[in-house]
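A.B. asks: Here's my sequence, what's the structure:
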Amino acid sequence: MKRLFFFFVLFSFLFSEDDFAKWVNLLKSTDVTKRRMAARRLGELRNRNAVPHLIKALNDFDPGVRTAAADSLGILRDKRAVNPLIQLLDDPVRSVKVSALISLGFLRAREATDKIIEVFNNEKDESVKVTASNVLGRIGDKRSVPHLAGELLKNKSARIRASCASSLGMIRDKEAVKSLIKALKDEDIRVKEFTIIALGNIMDKKALKPLKKFFKEEKNLKLKILAANSIAKIGEKEGLLDFVLENAKNKDPYIRRIACETIGIIGKKNEKVVEIIKELLEDKDRGVKYTAQRVAGMLKIKIEKEKK
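C.D. replies: Alright, predicted model coming up:
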């Protein structure tokens, strides 16, 4: 049996090596469709020996090949690709630039921060600008905070403003709090949603008063439950429990999940809390059920095992 297994592994290795060599050769084909296929397949094979070949393909005259090569380099997560991908941010084709940005995000390439900020500040295309914003959030370099905060307050695109708020929440730098507090008055629901989440992630007590005011005055239940969640994260837990318990049975699974998470953050265990969490443990929504399991563990609520 061991011998059979050995031959199986050896055969698989040799087959994959042959497959790898085939796609490397196709990357040099005169047929552009084959080069595109090869650039994609070399990423799917997850063989880092493909990195030098894919870096070379970033200079292909066809934008489809350049895009596929950039995508594959992101999949392979090899630092050798960082500088070539940074250079690719000057590509005139949108899809190529977006793929280069995303791959730099996968690589969490802090050395690319200055160039990505440049793209973010100067780019007119909304999709590229949103991608640059998202990648800056993923990389997490604090140098990007003033640029993201500025666009959060002045950009005309709600999509870009929402992306900036989300990225500031990922970076979690207190320098962003002042701008985020102002953004609570944004007219767009998505911008307000990401702004509330960001303030909760940063956990600066300066945000408590404006968040409590927002919670008191807001009519939109989704935003209100998020505000309660962020207030609890920052450390103000009084006067929230009844509200979140009431909404833990809401028909919207998102609201139920956030309510359940907030119950865990508040950390109070009483008969009503135990009853609600046990109900949520049977929820049809996976996200709600998983959150309830975590909260049950946090609050040490005994879960009855199903009888076989």
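A.B. asks: Any chance you could list what contacts stretch 121-136?
C.D. replies: Stretch 121-136 is contacted from outside by 94, 97-98, 101-102, 104-105, 113, 116-117, 119-120, 144, 147-148, 151, 157, 159-160, 163-164, 166-167, 171, using C-beta atoms under 8 Å, 6 or more residues apart in numbering. In short, each C-beta sits where N, CA and C put it, glycine included.
A.B. asks: Report the buried members of the residues you listed.
C.D. replies: 97-98, 101-102, 104-105, 113, 116-117, 119-120, 144, 147-148, 151, 159-160, 163-164, 166-167, 171 (16 or more other C-beta atoms under 10 Å).
A.B. asks: how about the helices of the stretch 51-200 of the chain, start to end?
C.D. replies: 51-57, 63-76, 82-88, 94-106, 113-122, 126-139, 145-154, 158-171, 177-183, 189-202 (DSSP state H, counting those that start in this stretch).
A.B. asks: actually the stretch 201-308 of the chain, not the one I typed
C.D. replies: 208-217, 221-234, 241-247, 253-266, 271-280, 286-298.
A.B. asks: Can you tell me the number of residues neighbouring the closest residue to residue 28 other than its chain neighbours?
C.D. replies: Once flanking residues are discounted, residue 28 sits nearest to residue 35: 7.7 Å by C-beta to C-beta, 6 or more residues apart in numbering. Neighbour count of residue 35, defined by other C-beta atoms under 10 Å: 21.
A.B. asks: And residue 189, by the same measure?
C.D. replies: 13.
A.B. asks: do you know how far it is from residue 162?
C.D. replies: Computed as C-beta to C-beta, to the nearest Å, the residue 189 to residue 162 distance reads 9 Å.
A.B. asks: Distance of residue 264 relative to residue 299?
C.D. replies: 7 Å.
A.B. asks: same deal with residue 170?
C.D. replies: For residue 170 relative to residue 299 (C-beta to C-beta), the value is 28 Å.
A.B. asks: again, but for residue 39
C.D. replies: For residue 39, the distance to residue 299 - C-beta to C-beta - is 51 Å.
A.B. asks: number of nearby residues for residue 242?
C.D. replies: Neighbour tally, residue 242, other C-beta under 10 Å: 9.
A.B. asks: go on, residue 294?
C.D. replies: For residue 294, using other C-beta under 10 Å, the count is 12.
A.B. asks: what does residue 257 give?
C.D. replies: 23.
A.B. asks: can I assume it is in contact with residue 291?
C.D. replies: Yes: proximity of residue 257 to residue 291 meets the contact threshold set by C-beta atoms under 8 Å, at 5.1 Å.
A.B. asks: got the domain boundaries for this structure?
C.D. replies: 20-107, 110-227, 243-308 (automatic domain parsing).
A.B. asks: who wins for proximity to residue 236 among the ones you listed?
C.D. replies: Residue 236 sits nearest to domain 110-227 of all those, at 5.5 Å, using C-beta to C-beta.
A.B. asks: what mean pLDDT would you report for the closest one?
C.D. replies: Average pLDDT, domain 110-227: 98.
A.B. asks: From the structure, what's the count of residues near residue 196?
C.D. replies: Neighbour number of residue 196 under other C-beta under 10 Å is 30.
A.B. asks: all numbers from here: first residue = 40
C.D. replies: I'll keep to 40 as the first residue from here, and by that count the last item is residue 235.
A.B. asks: OK, contacts around it?
C.D. replies: 223, 250, 253, 262, 265-266, 268-269.
A.B. asks: do you know how far it is from residue 217?
C.D. replies: 15 Å.
A.B. asks: Would you reformat the domains of the chain as a markdown table and include distance to residue 273?
C.D. replies: Shown next, in a markdown table, are the domains of the chain (distance: least, C-beta to C-beta, whole Å):
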| stretch | distance to residue 273 |
| --- | --- |
| domain 59-146 | 28 |
| domain 149-266 | 5 |
| domain 282-347 | 10 |
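A.B. asks: what's the closest non-adjacent residue to the residue nearest the centre of the chain?
C.D. replies: Nearest residue to the geometric centre of the chain (C-alpha atoms, centre = their mean): residue 177, 6.9 Å. In space, and not counting its chain neighbours, residue 177 is closest to residue 144: 4.3 Å by C-beta to C-beta, 6+ apart.
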